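A.B. asks: Below: sequence and its predicted model.
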Amino acid sequence: MKFFRAVLFIISVFFVSGVFAQSSSELKKRRDKLTNELEQLNKEYNEVASSKKVSLKQLNILKAKINLREEKIRNINSEVRNLNNQISQSNNTVRSLQAQLDQLKKDYAGMVLFAYRNKSGYNKLMFIFAAKDFNQAYRRLKYLQQFGAYRERQAGYIQNTQKELKEKIQELDKDKKQKSDLLADQEKEKATLGKEKNNQLKEITNLSKHQGTLRKQQRDLRNKIDKANKQIQAVVRREIEQARREAEEKARLAAAKAKAENRAGESKAKTIDKSSTTSEVLNATPEAAKLSNDFLGNRGRLPWPVANGQLVHGFGTYKDAEGITIDNLGYEIRTGDGAAVRAVFDGEVINITDVSGTYLVIIRHGEYFTSYQNLRTVVVSKGQKVNTKQTLGTVATDPSSGEAEVIFGLTKGVTSVDPKLWLTPN
């Protein structure tokens, strides 16, 4: 029984190790992706650095590199923690296997000694013939046979345990080497990160010589974003009021019809009135309510509005290069020039507006609304139903900064929410 309990323990250890290995594999995949993105940014940074054009692009690329490198360092930290768990688990397994092997050897040595003392065929025969009757003699014969088979099994257990112990020690050595390599990579990334932060300070100092031009670029960009955000709020409010009017009118007509047919007060359904909440208004129809539920059901799994992109600024408050505090209501996503911008979920296009030379597209998904700013071209029309990942248009490239960014926003009614909680982790 002790042996089988030990086997079950070893199996459970290998299962836990498999879980760690799977997590480590995902972390390694993420680290490789970050490395590729950093290489691409390095290439773009070198191209921009060779240009004498004064713009914020060089500084923005540096900031993006710093963000990615910090994320890579955090990723490595997670890998190291995983390896520490694996190493700890492997050490426990090695100690358990070693203790099991020592016990098996001790038991086997006892059996060998017993067999040596009773090795002669004469002693075995005497042991059998000394039985009181035939049944006892038969049982003694079977005992000798089973004892021999048990010795063979114990020898097999010892060999298998020695093999498992050797494999586990090799795996432990491999994990330790991997941890050492990761720590070396981490130190290298930290050193590079320090250099990039120094370069950022130098770049800010260099760009400060052209503060007038750069501040105008920033001011124009922020004004454009603010104008688009106000437009989004206005469009959503109009949509809510229109939905309220339609629901109230529908309720009024239903009540009038019921009265005419002598069925006043028959309906128990909740009607929309001035006291109804925004959520009730926007989900007044079965189609809208279903779309809202479907959208909510995909929280954390919505695709990004571009196939490939890096997050420049997330949702919330941050400071720009000039130290100005900015409240960001969406995701500023850096992508390739002319990249396709796509819907993140099924819905209806309710507004397309020109904002300072680029397009803003707003889509309704029941009580949720998504917005896509800074489009150069648009291939959908107002009132059109769109599907998940359907192309809406192409992203515009800012002529002054050289950046191709799409600004994605998400609101529940008129309340802005963090896209991080809804989009698939990039």
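C.D. replies: That came through, no problem. A quick note: this is a predicted structure, and the numbers were derived from the prediction, not measured. Residues are numbered from 1 along each chain as shown.
A.B. asks: Find the residue ranges of the stretch 101-250 of the chain scoring beneath the pLDDT cut-off.
C.D. replies: Counting by pLDDT under 70, the ranges of the stretch 101-250 of the chain that qualify are 101, 104-105, 107-132, 134, 136-138, 140-158, 203-218.
A.B. asks: How about the stretch 301-426 of the chain?
C.D. replies: By pLDDT under 70, the weakly predicted segments of the stretch 301-426 of the chain are 318-326, 400-401.
A.B. asks: what about dumping the CA coordinates of stretch 184-199 to CSV?
C.D. replies: C-alpha atoms of stretch 184-199 as CSV (Å, rounded to 0.1, in the frame of the first residue of the first chain):
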residue,chain,number,x,y,z
ALA,A,184,20.5,37.0,-17.5
ASP,A,185,18.0,38.1,-20.1
GLN,A,186,16.2,40.1,-17.5
GLU,A,187,19.4,41.9,-16.5
LYS,A,188,20.0,42.7,-20.2
GLU,A,189,16.5,44.0,-20.6
LYS,A,190,16.8,46.2,-17.5
ALA,A,191,20.1,47.7,-18.8
THR,A,192,18.5,48.4,-22.2
LEU,A,193,15.5,49.9,-20.5
GLY,A,194,17.8,52.3,-18.5
LYS,A,195,19.4,53.4,-21.8
GLU,A,196,16.1,53.9,-23.5
LYS,A,197,14.8,56.1,-20.6
ASN,A,198,18.0,58.1,-20.9
ASN,A,199,17.5,58.4,-24.6
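A.B. asks: For the helix or strand that contains Lys29, what does the pLDDT average out to?
C.D. replies: Per DSSP states H and E: Lys29 is located in helix 2-49. In this model, helix 2-49 has a mean pLDDT of 62.
A.B. asks: State the distance from Pro399 to Asp337.
C.D. replies: 11 Å (CB to CB, to the nearest Å). Quick note: C-beta positions are derived from backbone N, CA and C, even for glycine.
A.B. asks: ok, now Asn283?
C.D. replies: As judged by CB to CB, Asn283 and Asp337 stand 40 Å apart.
A.B. asks: These two: who's more crowded?
C.D. replies: More neighbours surround Asn283 than the other of Asn283 and Asp337, with 20 against 12 (other CB atoms under 10 Å).
A.B. asks: Which residue, neighbours along the chain excluded, lies closest to that one?
C.D. replies: Computed as CB to CB, 6 or more residues apart in numbering, the closest residue to Asn283 that is not its neighbour in sequence is Ala289, at 4.2 Å.
A.B. asks: One more: Gln231?
C.D. replies: Spatial nearest neighbour of Gln231, excluding adjacent residues (CB to CB, 6+ apart): Thr353 at 5.6 Å.
A.B. asks: Run through the bridge partners of the one you found.
C.D. replies: On the basis of DSSP bridges, Thr353 is bridged to Leu360.
A.B. asks: how many neighbours does it have?
C.D. replies: Residues lying near Thr353 (other CB under 10 Å) number 17.
A.B. asks: likewise Glu239?
C.D. replies: By other CB under 10 Å, neighbour count at Glu239 equals 19.
A.B. asks: Next up, the contacts around it.
C.D. replies: Neighbouring residues of Glu239 by CB atoms under 8 Å, 6 or more residues apart in numbering: Leu282, Ile350, Arg364, Phe369.
A.B. asks: Leu201 versus Leu253, what's the distance?
C.D. replies: In terms of CB to CB, Leu253 sits 67 Å off from Leu201.
A.B. asks: Ignore what I typed, I meant Glu280.
C.D. replies: Taking CB to CB as the measure, Glu280 falls 53 Å from Leu201.
A.B. asks: got it, and Glu189?
C.D. replies: Using CB to CB, Glu189 is found at 19 Å from Leu201.
A.B. asks: quick one: which of these two has more around it?
C.D. replies: Under the neighbour definition other CB under 10 Å, Glu189 and Leu201 were set side by side, and Glu189 has more, 19 against 10.
A.B. asks: Now that the more buried one has come up, it's in contact with Arg74, right?
C.D. replies: No. Contact criterion CB atoms under 8 Å: Glu189 and Arg74 do not qualify, at 10.3 Å.
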